[in-house]
Structures are given as C-alpha cells and as structure tokens.
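**Q** The following block contains a protein sequence and its predicted model.
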Amino acid sequence: MTPAIRLNNLNYTFPDGARALKGVCFDVAAGERIALIGPNGAGKSTLLTLLNGVLAANGAVEIFGIPVIPSNLHEIRRRVGLVFQDPDDQLFCSTIFDDVAFGPLNMRLPAEDVRRRVSEALEQVGMTGFEKRSAFHLSGGEKKRVSLATVLAMDVEILALDEPSSALDPGARRSLIHWLNACDKTLLVATHDLDLAYETTNRAIILSSGSVVADGPAKEILTNEDLLQKSGLELPLKLQK
C-alpha cells in the first residue's frame with residue numbers, strides 16, 4: 001500500500017549554512033503512531049514543517065504518493081495538519097471561532113459545514129463555549145488545545161504535533177494522552193516528553209544532528225537506556241529506578 005508519508009534522502013540547510021536534516025529516509029504507514037524524539041537541534045521541528053510545505057527541502061517528501069511541491073500544497077494541507085510548538089504562531093484571529101473556522105473557510109465549505117466542524121473540533125479538545133473568546137486571553141494550555149482544534153476542523157488524515165504537551169498542566173496533559181490514544185489518525189509527534197511517547201505511540205524514531213540514528217517499536221527504543229543516553233535522552237520517568 002502507498003505509505004501515508006514517504007521521506008527519501010531528505011536534506012535541509014538553513015540560510016546561515018547550518019544543516020538541519022541529513023539524508024533522512026523513512027516511510028509511515030496509514031494509522032501508525034510515531035514518536036519523533038531527540039535532543040534540541042536534532043531536526044524534529046524542521047522535519048514536521050516539511051510535511052505540508054511550510055519549508056521546502058532537497059530530497060523527496062510524499063503524502064499518500066503526492067509529492068510535496070508548490071502546485072500540490074492545497075491538497076497536501078487538506079491531508080496534513082501541523083500543530084506548531086508555539087500556539088501564538090497558529091492563532092491570529094480575533095475570536096476562537098474565527099481561528100478554528102479559518103481552514104474550513106479557505107476550503108470554501110458551506111457555512112453550515114464550517115459551523116459544524118468548528119463545534120465538533122472544539123468539543124474534541126474540551127473548549128466548547130470558548131467560541132467568542134480571544135486566544136490572546138487564554139492560558140498556554142488552552143491555546144494549545146485551540147491550536148489542535150484548528151487542525152481537527154480541517155478533517156486531516158495526518159496529524160503532525162510539535163511538543164504537544166508543553167505548557168500543559170498535569171490534568172490537561174493527561175487529557176491529551178487520553179485523546180491521542182483515542183485518535184484514529186496517522187500521528188507523528190515530535191516530543192521531549194518520553195512518558196507521553198511511551199503511552200501513546202507504537203513506533204519511535206530518534207533524530208540526532210539531523211540524521212536518523214534509531215527506528216523501531218516504541219517500547220523497545222524507549223526502554224533502551226544505553227541508546228537513549230547516547231542520543232542525549234533519558235528513560236521515561238515511569239521507567240527510571
């Protein structure tokens with residue numbers, strides 16, 4: 001079957017000459033739940049932005065067999081939803097309703113469908129009743145949830161989440177874990193929260209200095225203390241003695 005995501009010899013260099021990704025290759029099957037882990041500067045966030053064409057790289061990126069090139073970006077962004085690490089990069093409208101409705105409106109959906117999608121997305125993230133509020137007056141965790149709702153309203157097939165548990169209090173983090181476990185979409189989660197990765201994903205990929213250094217079942221990689229230490233990581237807290 002055609003993979004949901006295919007990366008082939010993916011390279012990216014920042015304008016200052018720093019290499020963020022070096023020959024990255026891997027496939028993601030539809031329905032897989034992948035933790036993308038590694039130290040700061042490993043290339044995790046950069047890789048996520050390449051999935052829906054926010055940045056362009058050397059090498060090939062395909063989404064369900066469709067190349068991520070400028071002429072295909074409308075279709076690619078209908079299929080891949082990217083939730084940024086900083087919700088202020090994603091929320092810019094005057095009300096929560098407008099933020100969540102932005103994507104469906106740009107898909108030129110009927111007004112009734114837009115309202116339904118906004119309502120369903122906010123309900124999924126526990127933000128029903130916030131439609132008339134401004135994101136500028138929300139807590140960091142609330143902004144995170146609204147950012148996720150903006151992507152869910154697009155009814156995407158692939159969710160790419162950059163540090164989804166940062167800024168969440170323990171209750172909101174636990175709710176996120178429950179939600180991720182119930183989610184039926186293909187997931188690619190870039191995170192330093194290895195406990196969240198352990199609980200919600202079935203495959204882990206370690207990036208270090210822009211290269212893939214390990215790729216395998218999450219339970220095997222996330223319990224391999226030597227491998228994690230060599231990559232600047234530690235065992236999930238629940239597994240530490």
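**A** Good, I have the coordinates. Being a predicted model, the structure only gives us computed values, none of them experimental. Numbering: from 1, shown residues only.

**Q** Pop out the phi and psi values for residue 155.
**A** Residue 155 adopts backbone torsions of phi 60, psi 50, taken as degrees, to the nearest 10.

**Q** How about the one 4 residues further on?
**A** Summarising the backbone geometry of residue 159 under the convention degrees, to the nearest 10, its torsions are phi -110, psi 120.

**Q** Residue 35 versus that one, what's the distance?
**A** According to C-beta to C-beta, to the nearest Å, residue 159 and residue 35 sit 13 Å apart. C-betas here are computed from N, CA, C, even on glycine.

**Q** ok, now residue 215?
**A** In terms of C-beta to C-beta, residue 215 sits 11 Å off from residue 35.

**Q** between those two, who's got more neighbours?
**A** residue 35 (24 against 14; other C-beta atoms under 10 Å).

**Q** any idea which helix or strand carries that one?
**A** Using DSSP states H and E, residue 35 sits within strand 33-37.

**Q** mind checking how far that strand is from the chain centre?
**A** Put simply, strand 33-37 sits 9 Å off its chain's centre (C-alpha atoms, centre = their mean, to the nearest Å).

**Q** Run the angle between the next helix or strand after it and strand 33-37 for me.
**A** Sequence-wise, the next helix or strand downstream of strand 33-37 (DSSP H and E) is helix 44-51. When axes from the mean of the first three to the mean of the last three C-alpha atoms, to 10 degrees is applied, the directions of helix 44-51 and strand 33-37 differ by 130 degrees.

**Q** and helix 44-51, which residues are buried?
**A** Within helix 44-51, the residues scored as buried using 16 or more other C-beta atoms under 10 Å are 44, 45, 46, 47, 48, 49, 50, 51.

**Q** who's in contact with that helix?
**A** By C-beta atoms under 8 Å, 6 or more residues apart in numbering, the residues outside helix 44-51 that reach it are 5, 7, 10, 12, 20-21, 24, 36-38, 55-57, 61, 63, 68, 80, 82, 85, 158, 160, 162, 188, 190, 207.

**Q** Now, of those residues, which are buried?
**A** Taking 16+ other C-beta under 10 Å as the criterion, what is buried in the contacts of helix 44-51 is 5, 7, 10, 12, 20-21, 24, 36-38, 55, 57, 61, 63, 68, 80, 82, 85, 158, 160, 162, 188, 190, 207.
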